[in-house]
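J.: Quick one, structure for this:
(one chain, ligands or ions: 1)
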Amino acid sequence: MQGILRIESASKSFQAPEGGVIRALDNVSLTVAHNEFLTLLGPSGCGKTTLLRAVSGFEDLDGGEIYIDGQPVSDQPAHKRPVNTVFQRYALFPHLSVQRNVAYSLEVRGVAKAEIRQRVGSMLELVGLAGMGARKIGQLSGGQQQRVALARSLVARPKILLLDEPLSALDKNLRHKMQQELKTLQHELGISFIFVTHDQEEALVMSDRIAVLNGGNIQQLDAPEELYRRPANEFVARFIGESNLLDATVVSVAGTRCDVVLTDGTVIRDCPVNGLKRGDPAKVLIRPENLLADLGQSGSDERAGHEISGTVSESFFAGTDYRLVLSCQGLPPVRASLRAGPGTSHHTIGEQTSLFVPHDAVHLIPGNGVPA
Ligand SMILES: Nc1ncnc2c1ncn2[C@@H]1O[C@H](COP(=O)(O)OP(=O)(O)OP(=O)(O)O)[C@@H](O)[C@H]1O
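T.: Numbers count the residues shown, from 1 in each chain. Just a heads-up that it's a prediction; the model follows:
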């Protein structure tokens, strides 16, 4: 893929003030497609902001190269790159009107007044602020300020818009609304967005693809559904969504399927093999919502699956689902989220129960299982 942005083997280390070296970016490579919404997701300190700053030109790399539209940009200063950034703190000019804030970058470039008026007007309309051009920044709500910041970054028509946690200062409802608006805006504009967040739900909802980072490395780069259903490793499985991760060993392989045995001796048959061989250790990933009170719920013709039995140690009603924790002999506590609808009911603490795992709900992650 040629892409609008290509990052090749980017490395960046910092001298830690308290001594030692921090590898903020450790040989990171990725390509962002034209018109793609790509999210950098990861825990605090994983290198997200450093990567954004390297793309925008505010941080020099120690090694590697960045290409925008096929051109290497390492020698280009920040203001020459066809990239703009929306920051968490919007960095708007409080003493200027909305109109002047948005017009600023065009004025600096010497764009003609009539064109500025036209471009700022259509940008304010696009972000839902038509008619508010004369207001001062302090006369706007947080969400409106965020829209001004967006309009200001977009008015110069960058090829790539970088967004560094732009929604984190907003309350939950407004945040959800802005998530939808940003996604719609990106589609309408047809430019690539690179969005930084440490909020996994936000990443899942908004992105075409997500790069999960940890310790300066990309752990996995995939579409949200693929990341969620088939995480490449334990870090990604734990970081995205809730997970039950059970130690296992592969006991037999037949083509693309295999059987594994759990630490309590339970055999789970017919799992997707995921490159594993007989005797390999693995983690069995089962998402809580994939456990069923009754296999009939799976909607699958083939009622195949297996049972996990134990004692209910936690149980509560959470509106759309019942959440429970099952204590099972020889296994870590198993979390389940059972859809609250006709036919499901509250489980009592102390009750013995069985939950079912449909075959297609199991994903195997290589490594760290029970020694063969
Ligand atoms: N100028 C600097 N000097 C020293 N260390 C730095 C500097 N900038 C970043 N770091 C370190 O590099 C690592 C990556 O930082 P970065 O800001 O990219 O993380 P992040 O993923 O954006 O984190 P957060 O989600 O908290 O913003 C961190 O360990 C950070 O402390």
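J.: Any regions of the chain where pLDDT drops low?
T.: Along the chain, segments meeting pLDDT under 70 span 90, 295-305, 368-372.
J.: Got the domain ranges for it?
T.: Per the record, the chain has its domains at 5-237, 242-366, by automatic domain parsing.
J.: Format the ones you listed as a markdown table; extra columns: distance to the ligand and mean neighbour count.
T.: C-beta: built from backbone N, CA, C; applies to glycine. Shown next, in a markdown table, are the domains of the chain (distance: least, C-beta to the nearest ligand atom, whole Å; neighbours: other C-beta atoms under 10 Å):
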| stretch | distance to the ligand | mean neighbour count |
| --- | --- | --- |
| domain 5-237 | 3 | 18 |
| domain 242-366 | 21 | 16 |
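J.: quick one, helices of the stretch 201-350 of the chain?
T.: Here the stretch 201-350 of the chain has its helices, by DSSP state H, counting those that start in this stretch, at 224-229, 234-239.
J.: now those as JSON lines including distance to Ile308?
T.: JSON lines is the format used below for the helices of the stretch 201-350 of the chain (distance: least, C-beta to C-beta, whole Å):
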{"stretch": "helix 224-229", "distance to Ile308": "20"}
{"stretch": "helix 234-239", "distance to Ile308": "18"}
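J.: Tell me which of those helices approaches Tyr322 most closely.
T.: Nearest to Tyr322, of all the helices of the stretch 201-350 of the chain, is helix 224-229, at 21.3 Å by C-beta to C-beta.
J.: contacts for that closest one?
T.: 203-204, 207, 209-210, 212, 220, 236, 240-241, 287, 363 (C-beta atoms under 8 Å, 6 or more residues apart in numbering).
J.: next one: stretch 139-147
T.: Identification of contacts with stretch 139-147 by C-beta under 8 Å, 6+ apart yields 90, 92, 98, 127-129, 132, 137, 148, 166-167, 169-171, 174, 177-178.
J.: same deal with stretch 24-32?
T.: Defining contact as C-beta under 8 Å, 6+ apart, one finds that stretch 24-32 is touched by 1-14, 38, 47, 50-51, 54, 61, 63-64, 160, 192, 194, 211, 213, 215-218, 221.
J.: Check stretch 53-69 too.
T.: By C-beta under 8 Å, 6+ apart, the surrounding residues in contact with stretch 53-69 are 4-13, 25, 27-29, 50, 72-74, 76-85, 159-160, 162, 194.
J.: Please flag which of these sit within strands.
T.: Members of those lying in strands (criterion: DSSP state E): 5-13, 25, 27-29, 72, 83-85, 160, 162, 194.
J.: So which elements touch the longest helix seen in the chain?
T.: For the chain, the longest helix by residue count, based on DSSP state H, is helix 172-189. Helix 172-189 is packed against helix 142-154, strand 192-197, helix 200-206, with contacts defined by 3 or more C-beta pairs under 8 Å, 6 or more residues apart in numbering; DSSP states H and E.
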